[in-house]
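[1] missing the sequence, but the structure's below:
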Ligand code: ADP
Ligand code: MG
């Protein structure tokens, strides 16, 4: 009835991020004000360029920051934007003399800059979708090289398409918009768009893929789609930023948007910290000031009676030094490492906490069964899994034990499609999981954790779980409520706004299970959830799993080395050795089985097994 409106209440983390953005915007406004009032016309000119750079670097950050891929290709979008907007807004008479051979369909519009913007943005989006269909499939250095390729191609096209661009000659007649207010508003709007996108479903997905592609895929996120959306938004924004830049220059050539500009903008982004929108703003301001101070030195000057000679290229050298210094001293950039302390955050959550309520427990799942049949996998001659069959029914915990290298993790990887099975099937009902794309397994309500922690390290605990709930198809409000429920179920609500990489080990292990459970699976595959935990932590985890398995009626496949832990929880236990299933049954039966004892004695684990008897 008086259900709280979840949407309107951010978590303390979102509030903290919001504060950070407001702070960086305040810095921008103050800087602009100081420039304009303190330095007159020169100051205003610098402020205008700075605002356009904020728009451009924020656009760049939308892709780079969220996907973790550095792009040198955004100069291509700026080129498209500057020329297109120039052509669309150019006075007709001027256009006839400057571009006599312009194709008819492009000529004679004479739109206002504002009217041209939607077309510019759409053109940018089209270019982004076209190029993104290839680039979004790539990650890391290969993606970066592809973006560089895009820059070079678009530059060459701009140089050779003389009818449209005047080639490498100056393209003139572009209406000048040097109005500070327009570019300042553009910068603010871009920052807001970037912020909203970053926290949105697709922004979170892109950041999850950035931090751990496989873990994101298991949650149901298609990595190339998440990257394509980041690329497209980013490209469309950069195209608009390029148009604005063109309208400030008034006259330009393809070289205006080439390596020098791109390099400067990448430096601004990295110096500020590419993971956050605030970083982009601060980076632009810092580098703009550096550039302007160094530019004064470039022409030679007198310092304390010494006459310094003229040095050409000093600004470029300074940019290089800036980036080296940042990489050396503060790899996350000036803003990157900044987090609001738990003190301020806790206060906010307490206020928010009253307004929001965790979701009710999920409706218990019905009867289902995950059935593995004859699964096999070879790695270069090693039979990691060799014809293994077993079932994981809902409503109880099935243990899977075996010495190191027995093939347990490989088995899970086969069932959740990290690996292709050589033979065999893993079915839920009539559906064969082994034919699904890796991100489709969660649609069949199978979730998993990883043996080696695979959290999204740059995301907070809250975001890690939220991503999973969103990827499972929940609305934002429902996902938020589900996230609160799972964080509470694993005693993580107090540290919800800490980044996963900063959490203590035990909390990280629990977080991975909470993340999987936020998808409301019917079957949960847990690969050594208690590894590295102390006995108290292990007992605590056992209690939680027992409760959750019972209340929600889910089926859990529990892999662990701690036999006491597995014995306590499991209704049945499957034992593997050297890729094969060697025994299966109740804990009592398995414990007495010679083949099991042999499997462990063979690896020198006599003591542990003996301890159970
Ligand atoms: P467990 O989880 O039971 O300790 P694994 O499934 O990790 O065992 O490993 C089973 C066997 O498969 C081991 O011999 C291991 O070296 C091998 N193996 C696992 N993954 C790979 C891989 N990606 N490439 C090559 N060999 C692998
Ligand atoms: Mg393993």
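    The structure has been received and is ready for your questions. Quick caveat: nothing in here was measured; it's all calculated off a predicted structure. Numbers count the residues shown, from 1 in each chain. Ligands and ions are numbered 1, 2, ... in the order given.

[2] Can you show me the strands along the stretch 201-350 of the chain?
    Counting by DSSP state E, counting those that start in this stretch, the stretch 201-350 of the chain has strands at residues 301-303, 306-308.

[3] Same check on the chain?
    Using DSSP state E, the strands found in the chain span residues 301-303, 306-308, 369-379, 382-393, 397-401, 423-428, 431-432, 446-448, 523-527, 555-559, 572-577, 580-585.

[4] What distance do you get for the closest residue to residue 375 other than its chain neighbours to residue 311?
    Spatially, and ignoring its direct neighbours in sequence, residue 375 is nearest to residue 424 (3.6 Å; C-beta to C-beta, 6 or more residues apart in numbering). From N, CA and C alone the C-beta is placed, and that goes for glycine too. Separation of residue 424 from residue 311 (C-beta to C-beta, to the nearest Å) stands at 69 Å.

[5] In terms of neighbours, single out the busier of the two.
    More crowded of residue 424 and residue 311, by other C-beta atoms under 10 Å: residue 424, with 20 against 13.

[6] In contact with the more buried one, which residues?
    372-376, 387-389, 414, 434 (C-beta atoms under 8 Å, 6 or more residues apart in numbering).

[7] Tell me which two of the residues you listed sit farthest apart.
    387 and 434 (14.3 Å; C-beta to C-beta).

[8] Comparing those two, which residue is more hemmed in?
    Higher neighbour count among residue 387 and residue 434: residue 434, with 20 against 15, using other C-beta under 10 Å.

[9] my guess is the more buried one contacts residue 416, does it?
    No - between residue 434 and residue 416 no contact is recorded; they are 10.1 Å apart, counting by C-beta atoms under 8 Å.

[10] got the residues of the chain near ligand 2?
    Selection of the chain residues close to ligand 2 by C-beta under 5 Å from the ion yields 408-409, 451.

[11] give the contact list for residue 583.
    Here residue 583 is in contact with 573-575, 590, 593, 595-596 (C-beta under 8 Å, 6+ apart).

[12] Go again with 10 Å.
    Residue 583 is in contact with 401-402, 573-577, 589-597, 599, counting by C-beta atoms under 10 Å, 6 or more residues apart in numbering.

[13] which regions of the stretch 1-150 of the chain lie under the pLDDT threshold?
    Where the stretch 1-150 of the chain drops to pLDDT under 70, the residues are 1-18, 20.

[14] ok, back up a step: if you average pLDDT over each of the strands of the stretch 201-350 of the chain, which is lowest?
    Note on those: strand 301-303 shows the lowest mean pLDDT, a mean of 66.

[15] Which residue, other than its chain neighbours, is closest to residue 63?
    Per C-beta to C-beta, 6+ apart, closest to residue 63 is residue 234, 3.6 Å.

[16] For that neighbour, grab the count of nearby residues.
    Neighbours of residue 234 using other C-beta under 10 Å come to 29.

[17] Now do it, the pLDDT please.
    For residue 234, the model assigns a pLDDT of 98.

[18] tell me the domain ranges of this structure?
    11-254, 369-612 (automatic domain parsing).

[19] Out of those, flag the one nearest ligand 1.
    Closest of the domains of the chain to ligand 1 is domain 369-612, at 3.1 Å (criterion: C-beta to the nearest ligand atom).

[20] Over that closest one, what's the mean pLDDT, rounded is fine.
    Domain 369-612 comes out at a mean pLDDT of 91.

[21] Stretch 271-280 now?
    87.

[22] got the contact list for the residue of the stretch 51-200 of the chain found nearest ligand 2?
    Closest approach of the stretch 51-200 of the chain to ligand 2 (C-beta to the ion) occurs at residue 139, with a separation of 25.4 Å. By C-beta under 10 Å, 6+ apart, the contact list for residue 139 reads 67-69, 209-210, 213, 223-224, 227.

[23] which residues of the stretch 1-150 of the chain fall in helices?
    12-67, 74-89, 92-98, 113-135, 140-160 (DSSP state H, counting those that start in this stretch).

[24] quick one, the last one and helix 113-135 angle?
    By that I understand helix 140-160. If you take axes from the mean of the first three to the mean of the last three C-alpha atoms, to 10 degrees, helix 140-160 sits at 130 degrees to helix 113-135.

[25] What of the second one?
    On the basis of the same axes, to 10 degrees, helix 74-89 is oriented at 150 degrees to helix 113-135.

[26] Does anything pack onto helix 74-89? Which helices or strands?
    If you count contacts as 3 or more C-beta pairs under 10 Å, 6 or more residues apart in numbering; DSSP states H and E, helix 74-89 packs onto helix 12-67, helix 92-98, helix 113-135, helix 140-160, helix 162-165, helix 223-249, helix 259-272.

[27] If we use 8 Å, what do you get?
    Under the contact criterion of 3 or more C-beta pairs under 8 Å, 6 or more residues apart in numbering; DSSP states H and E, helix 74-89 touches helix 12-67, helix 113-135, helix 140-160, helix 162-165, helix 223-249, helix 259-272.

[28] Buried deepest among these, which one?
    Ranked by mean neighbour count, those are led by helix 223-249 with a mean of 26 (mean count of other C-beta atoms under 10 Å).

[29] For the stretch 401-550 of the chain, which residues are neighbours of ligand 1?
    With C-beta under 6 Å from any ligand atom as the criterion, the stretch 401-550 of the chain comes near ligand 1 at residues 402, 404-410.

[30] now, which of the residues you listed lie within helices?
    408-410 (DSSP state H).

[31] Model confidence at residue 345, what's the number?
    41.

[32] In the chain, which residue sits nearest ligand 2?
    For the chain, C-beta to the ion, closest residue to ligand 2: residue 409, 3.1 Å.

[33] For that residue, give its distance to residue 199.
    For residue 409 relative to residue 199 (C-beta to C-beta), the value is 34 Å.
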